[in-house]
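Enquirer: Build me a model from this:
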Amino acid sequence: MEADDSVFTEWASDLCERIEESEKQLTRAGNRVSRPKIQRVPKYMAEKPEFDRYYKPQMFSLGVFNPKTTQGEQYKEAWAAMYLKDTNLNVKDLFREICDDNRMKRWLLKPMWQKLYDAPTIYADHIIVEACCVLHLLEKSESSVDPEQELKISIDKLVRVHQDLLILDNQFPFQSLRLLCQDEARLEKCLSNFLQVHGIQVETAPKLPRKKRENEEVKVAVDGDYDEDPVHLLDYLRRALLTRDQHTFYKAINHKKIKRRSLHLRKYRIGTIRELNAAGIRVRKNSHNNSVYPSFKDGMLQLPELIVDGSTAHIFFNLVAYEMCPDFHNNFEISSFLVFMSSLIDQSEDVKKLRMAGIIINELASDKEVADLFNKMDSILVPETLLFAHIRDQIHSHFESKQGRIRMLSWMGEAYNTFFRSPWTIIALLAATLGLVLTFIQTWFAIHPKAS
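Expert: Sure thing, here's the model as predicted:
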């Protein structure tokens, strides 16, 4: 028995040491600043058959994760050559610029690139081709009078190329665009074109921060702190969708005690647009178009304008995948917004009401397609953020405070529909009332006859 006790004591001591060490590692990981990385779509999302089309490039393979497409390679090299010709840049100088930049060195020496290329210089060659190609594509897609002619590509293929730029697995370092486009105004114009192609207002385009010195650390922006460059184009697009005054918003609600009830917003659904309208809640377009944050006040739910077209699914599903990456610290703003919208939209009638309110601009074939798209969002699991917990509590409080009045209004509405549908029903009601009054008077005098 004593031997058994000593073994147990040794085992317990070893377990405690391992637990303490794990706790220290977790603490160090939590204090570590999130570093920019070219991410892959999380496996549990990429393996879903219904999401597959949104995570695999059709025309254009960029970066290191996807196999190169023959057709795409042809366009990449041609557009890169056109960009170099337009800008009079020297390939040798660009190559030296890429290889000598300390931040690019950190990218080139990562294990995932070393597995695919024999030397960092080989991938530097690919970076130059891909960055020049993308810059030329973005420059000509909106600024050119006839982009199909200048890019030598049909419009249907051009649309698919732009969709491929949104795919998380297709991203490459934003720093390469910085290095290959020294003209700041030209680069910002390319980025504005990128947003415009996907239906995002150019006015919301985040300004690029000042150029960093080579020995400065690059970090992922969190909570709207955009003192750093985007990690890649998808990160830039995410910034454009998020409001620039989110610090003010979170400051306004942080002091309130908001209980987080679930890791799945859909479980505590607010209700569809039809259900909210039936409860007396109105819906209106938010006047601040640069925000994805809804708001609720005095029975009015304000939602941002949302253009739904052929690129919308690619944008949203890849932004969700990006926010789900384990080493990207964020508040799940886009994911939470989509789950919130999926709660409001269940059928085409909900889409129609939002479209009539000017909230949804539908460029798909039907309202049903939009409803089907948001119904796919039901499978997204995100923590319930302060923003949407706050709105949920506001709507529930509104329900509770107005419940008695809503029941009274509902009864009055039913009475009106029953008794006042036409002039004849009104006349019949008045006649019946008069008959009751006369009967009451006759009965009264029969019981209490007038003294002689």
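
Enquirer: The one helix or strand V437 maps to - contacts with which helices or strands?
Expert: V437 is part of helix 423-447, with elements assigned from DSSP states H and E. Counting contacts by 3 or more C-beta pairs under 8 Å, 6 or more residues apart in numbering; DSSP states H and E, helix 423-447 is packed against helix 386-419. (Each C-beta comes from the backbone N, C-alpha and C, glycine too.)

Enquirer: how's this protein carved up into domains?
Expert: Split into domains by automatic domain parsing, the chain comes to 43-210+218-241, 248-400, 421-452.

Enquirer: First-to-last residue distance for the longest one?
Expert: Just to be clear, that refers to domain 43-210+218-241. Taking C-alpha to C-alpha, to the nearest Å, domain 43-210+218-241 runs 25 Å from one end to the other.

Enquirer: Would you map the strands across the stretch 151-300 of the chain?
Expert: Counting by DSSP state E, counting those that start in this stretch, the stretch 151-300 of the chain has strands at residues 282-285, 295-297, 300-303.

Enquirer: Point out where the stretch 151-300 of the chain drops to low pLDDT.
Expert: 204, 210-227, 243-269, 288-291 (pLDDT under 70).

Enquirer: Below-threshold pLDDT in the stretch 351-452 of the chain: ranges please.
Expert: Ranges of the stretch 351-452 of the chain meeting pLDDT under 70: 381, 383-384, 402-422, 450-452.

Enquirer: what about 50?
Expert: 404, 452 (pLDDT under 50).

Enquirer: And the domains of the chain: which comes nearest A12?
Expert: Closest approach to A12 among the domains of the chain is made by domain 248-400 (31.4 Å; C-beta to C-beta).

Enquirer: chain center to that closest one, what's the gap?
Expert: Relative to its chain's centre, domain 248-400 lies at 10 Å (C-alpha atoms, centre = their mean, to the nearest Å).

Enquirer: burial count for the nearest residue to K76 once chain neighbours are set aside?
Expert: Leaving aside its chain neighbours, K76 sits nearest to C133 (4.4 Å; criterion: C-beta to C-beta, 6 or more residues apart in numbering). Number of residues near C133 (other C-beta atoms under 10 Å) recorded here: 24.

Enquirer: in a helix, that's where C133 is, yeah?
Expert: Yes: per DSSP: H, G, I helix; E, B strand; the rest coil, C133 lies within a helix segment.

Enquirer: could you list every residue that touches it?
Expert: Y75, K76, E77, W79, A80, Y83 (C-beta atoms under 8 Å, 6 or more residues apart in numbering).

Enquirer: Go through those and name the one nearest E363.
Expert: Y75 (25.6 Å).

Enquirer: Quick check: the most centrally placed residue in the chain vs M45, distance?
Expert: For the chain, the residue sitting closest to the mean C-alpha position, by C-alpha atoms, centre = their mean, is I334 at 2.7 Å. Counting by C-beta to C-beta, to the nearest Å, the gap between I334 and M45 amounts to 14 Å.

Enquirer: anything in contact with each of those two?
Expert: The contact lists of I334 and M45 share V320, where a contact means C-beta under 8 Å, 6+ apart.

Enquirer: With adjacent residues omitted, what lies nearest to E130?
Expert: L62 (5.3 Å).

Enquirer: Please verify my assumption that the one you found contacts V129.
Expert: No: contact criterion C-beta atoms under 8 Å: L62 and V129 do not qualify, at 9.9 Å.

Enquirer: higher neighbour count, these two?
Expert: Comparing L62 with V129 by other C-beta under 10 Å, the one with more neighbours is L62, at 26 against 20.

Enquirer: and that one, that's in a helix?
Expert: No: counting by three-state DSSP, one finds L62 to be coil, located in no helix.

Enquirer: what pLDDT does it get?
Expert: Per-residue pLDDT puts L62 at 86.

Enquirer: Might one say that L191 is in contact with A205?
Expert: Yes: using C-beta under 8 Å, L191 is in contact with A205, at 6.4 Å.

Enquirer: May I have the residues that are in contact with K368?
Expert: With contact taken as C-beta under 8 Å, 6+ apart, K368 is in contact with S348, V351.

Enquirer: V283 versus that one, what's the distance?
Expert: Relative to V283, K368 is positioned 20 Å away (C-beta to C-beta).

Enquirer: Remind me what the helix or strand containing D350 packs against, helices and strands.
Expert: Here D350 sits within helix 348-356, counting by DSSP H and E. Counting contacts by 3+ C-beta pairs under 8 Å, 6+ apart, helix 348-356 is packed against helix 273-278, strand 360-362, helix 367-375.

Enquirer: Put together TSV for the ones you listed, with distance to K92 on each row.
Expert: Shown next, in TSV, are the helices and strands packed on helix 348-356 (distance: least, C-beta to C-beta, whole Å):
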stretch	distance to K92
helix 273-278	59
strand 360-362	48
helix 367-375	48
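
Enquirer: and the end-to-end length of stretch 171-183?
Expert: End residues of stretch 171-183 are separated by 22 Å (C-alpha to C-alpha).

Enquirer: Please spell out which residues along that stretch are buried.
Expert: Under the neighbour-count criterion of 16 or more other C-beta atoms under 10 Å, stretch 171-183 has Q171, F172, P173, F174, Q175, S176, L177, R178, L179, L180, C181 buried.

Enquirer: Looking at the residues you listed, which one is closest to I361?
Expert: Nearest member of the buried residues of stretch 171-183 to I361, counting by C-beta to C-beta, is Q171, at 27.4 Å.

Enquirer: which residues touch the residue lying closest to the closest one once chain neighbours are set aside?
Expert: Spatial nearest neighbour of Q171, chain neighbours left out: H232 (3.7 Å); criterion: C-beta to C-beta, 6+ apart. Applying C-beta under 8 Å, 6+ apart to H232 gives the contacts I38, Q171, F172, P173, F174.

Enquirer: Pop out the phi and psi values for H232.
Expert: phi -160, psi -180 (degrees, to the nearest 10).

Enquirer: where's it relative to K43, distance?
Expert: 20 Å.
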